[in-house]
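K.L.:
Next comes the sequence, and after it the predicted model I'd like to discuss.
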Amino acid sequence: MLGAVTFAPRCPTCHEPVVWEGNPSRPFCSERCRLVDFGAWASERYRVPGEPAEGESGTDDDSDESGSA
Ligand SMILES: [Zn+2]
């Protein structure tokens, strides 16, 4: 063993070094980052597929009869 190797995990959200000991938000650096990650995951899961556009509003041009008596 070559001395103590510092175990420095990175926050998945902001990629900052995470304080591991006494950190209730592991593996995130803070609760804020934890919520951000969860929010991203939730939005990904509940993403609503784009609704198909309805048919264009009827713009039927009535052809007027030409050629009056
Ligand atoms: Zn973070």
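P.N.:
Arrived safely, thanks for sending.
K.L.:
Would you mind listing what in this protein touches the ion?
P.N.:
Proximity of the chain to the ion (CB under 5 Å from the ion) is limited to residues 11, 13, 14, 29, 33. For the C-beta atoms, the positions are set from N, CA and C on the backbone; glycine is no exception.
K.L.:
List buried residues within the residues you listed.
P.N.:
Among the residues of the chain next to the ion, those scoring as buried are 11, 13, 29, 33 (criterion: 16 or more other CB atoms under 10 Å).
K.L.:
Figure out how far the helix or strand hosting residue 41 is from the centre of its chain.
P.N.:
In this assignment (DSSP states H and E), residue 41 forms part of helix 31-45. How far helix 31-45 lies from its chain's middle: 8 Å, per CA atoms, centre = their mean, to the nearest Å.
K.L.:
Out of the buried ones among the residues of the chain next to the ion, which two sit at the greatest distance?
P.N.:
Farthest apart among those by CB to CB are 13 and 29. That separation is 7.6 Å.
K.L.:
May I see the buried ones among the residues of the chain next to the ion organised as CSV, with pLDDT and secondary structure added?
P.N.:
Formatted as CSV, these follow (pLDDT from 0 to 100; DSSP: H, G, I helix; E, B strand; the rest coil):
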residue, pLDDT, secondary structure
11, 94, coil
13, 93, coil
29, 94, coil
33, 94, helix
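K.L.:
Pick out whichever of the residues of the chain next to the ion sits closest to residue 65.
P.N.:
Nearest to residue 65 among the residues of the chain next to the ion, with distances taken as CB to CB, is residue 13, at 69.2 Å.
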